[in-house]
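Q: Pasted the sequence and its predicted model underneath.
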Amino acid sequence: MEPQTAARHTPVLLDRCLDLLAPALERDGAVLVDATLGLGGHTEAVLRRFATARVVGIDRDPQAVALATDRLVGYGDRFTAVRAVYDEIAAVLTGLGLDTVDGVLMDLGVSSLQLDEPERGFSYAHDAPLDMRMDPDDGLTAAQVLATYDEAALARVLKEYGEERFARRIAARIVAARATTPLARTAQLVDLVRAAVPAAARHTGGHPAKRTFQALRIEVNGELATLARALPQAVDRLAVTGRIVVESYHSLEDRMVKRTFAAGATSSAPRGLPVEPADAAPYLRLLTHGADRADAAEVARNPRSASVRLRAAERIAPTPARLRPRGGAS
């Protein structure tokens, strides 16, 4: 199973991730949290390169946890898989008796496993049930969202999470269509979106349903709210000199990561104070200038890397008490 699993996913910016994490993971017995385990590609590379490192892999998708566990069984107790949503990182670490860790890696968005299995309903390229849940045992499906949200709520989701220019037109079409026929399959939604988007706009900016599918996936899985809860926990659980690397795939995620890191790397003291209060000093150091991107060669090998934005930071001081999330460690 391991070779088959490895072949299904090519980790994005893998060498860059490892190089950024290296100063923290080269220490004897270092611990990394792979907060978005997926098929375990990043984790396997970490375990290979850093001979004494341990990885705690978190994923809400039971299939991903099972496949990654099988793939990484040869690493024994150096790898621990936990089925959880990554905004539970503090609780997961507490349950494992870990107050702090040396590294955190987040590879956000939908995984190759989820995209490549048509029956999961994430892809507009295949006809399948409109599901889109990362945890197939929990929450509303995309079909239920389309069936129950009113027109204004649907337009808001498409506009905010998909940055869709024609959100109102698409929402109106959804409401009109469902009055006669339930929207249960991806092909129905693709046809509906294509009809709602003006002809002149269908041939620009990629597939016309791309933004609608992104928006529904984010809504179904609560992705932005989850990230907003997870980032402070991840930073707080980093040991001083620990490092965090986050790969984002759309501007909404990247903006949130950028703001979190920038806030930690900036003094909160008013300008002009002769002495900076200890609890106002920066507690992060930025390791990337802006966001790193995949180069042309990687995009050619792996088209899914085209939209990646990678940001990284190092913990240089404890989180000020006033900013520490509940369950914080230091």
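A: Received it, and whenever you're ready, just let me know what you need.
Q: how much space between the residue of the chain most remote from its centre and T141?
A: For the chain, the largest distance from the centre (CA atoms, centre = their mean) belongs to P274, which lies 40.8 Å off. Separation of P274 from T141 (CB to CB, to the nearest Å) stands at 59 Å. C-beta here means a position set from N, CA and C on the backbone, and glycine is covered the same way.
Q: For the stretch 151-300 of the chain, which segments count as strands?
A: 238-248, 284-286 (DSSP state E, counting those that start in this stretch).
Q: Tell me who's in contact with I89.
A: Neighbouring residues of I89 by CB atoms under 8 Å, 6 or more residues apart in numbering: V33, A35, I58, V104, A230, Q233, A234, R237.
Q: no, scratch that, I was asking about R217
A: V110, F122, M132, A142, E223 are the contacts of R217 under CB under 8 Å, 6+ apart.
Q: Where is pLDDT lowest across these?
A: The lowest pLDDT within these belongs to V110, with 78.
Q: pretty sure that one contacts E117?
A: No - taking contacts as CB atoms under 8 Å, V110 lies outside contact range of E117: 10.9 Å.
Q: Those two - which one has more neighbours?
A: V110 (21 against 16; other CB atoms under 10 Å).
Q: so where's the stretch 1-150 of the chain shaky on pLDDT?
A: 1-9, 112-113, 116 (pLDDT under 70).
Q: can you pull the contacts of the closest residue to R243 other than its chain neighbours?
A: In space, and not counting its chain neighbours, R243 is closest to A24: 4.4 Å by CB to CB, 6 or more residues apart in numbering. Residues near A24 by CB under 8 Å, 6+ apart: A30, D102, G103, T241, G242, R243, E314.
Q: Make a ChimeraX selection of whichever of the residues you listed turn out to be buried.
A: In ChimeraX, this line selects whichever of the contacts of A24 come out buried by 16 or more other CB atoms under 10 Å:
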select :30,102,103,242,243,314
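Q: Save the contacts of A24 as JSON lines, and put in distance to A155 too.
A: Formatted as JSON lines, the contacts of A24 follow (distance: CB to CB, whole Å):
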{"residue": "A30", "distance to A155": "47"}
{"residue": "D102", "distance to A155": "44"}
{"residue": "G103", "distance to A155": "40"}
{"residue": "T241", "distance to A155": "46"}
{"residue": "G242", "distance to A155": "42"}
{"residue": "R243", "distance to A155": "40"}
{"residue": "E314", "distance to A155": "41"}
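Q: Would you confirm that V82 contacts R60?
A: No - if you go by CB under 8 Å, V82 and R60 don't touch, sitting 10.0 Å apart.
Q: the more surrounded of the two?
A: Shown here are V82 and R60; by other CB under 10 Å, R60 has more neighbours (23 against 19).
Q: Now that one: closest residue in space, sequence neighbours ignored.
A: D135 is the one closest to R60 (CB to CB, 6+ apart), at 4.3 Å.
Q: Need the three-state assignment for V33.
A: Following DSSP: H, G, I helix; E, B strand; the rest coil, we place V33 in the strand state.
Q: got the contact list for it?
A: Contacts were defined as CB under 8 Å, 6+ apart; by that measure V33 touches 55-58, 89, 92-93, 101, 103-105, 234, 237.
Q: follow-up on the earlier one: which of the contacts of A24 sits closest to A297?
A: Ranked by distance to A297 (CB to CB), those are led by R243 at 25.5 Å.
Q: Next one, pLDDT for that closest one please.
A: Model confidence at R243, given as pLDDT, is 98.
Q: mind listing what the most centrally placed residue in the chain touches?
A: The centroid of the chain falls nearest to L108 when counting by CA atoms, centre = their mean (1.8 Å). Shown in contact with L108 (CB under 8 Å, 6+ apart): T36, E223, L227, V246, E247, S248, Y249, E253.
Q: ok, now how distant is it from P198?
A: Separation of L108 from P198 (CB to CB) stands at 31 Å.
Q: Just say which of the strands of the stretch 151-300 of the chain is most tucked in.
A: Burial of the strands of the stretch 151-300 of the chain is given as mean neighbour count (mean count of other CB atoms under 10 Å); strand 238-248 ranks first at a mean of 23.
Q: Fine by me, we can end here.
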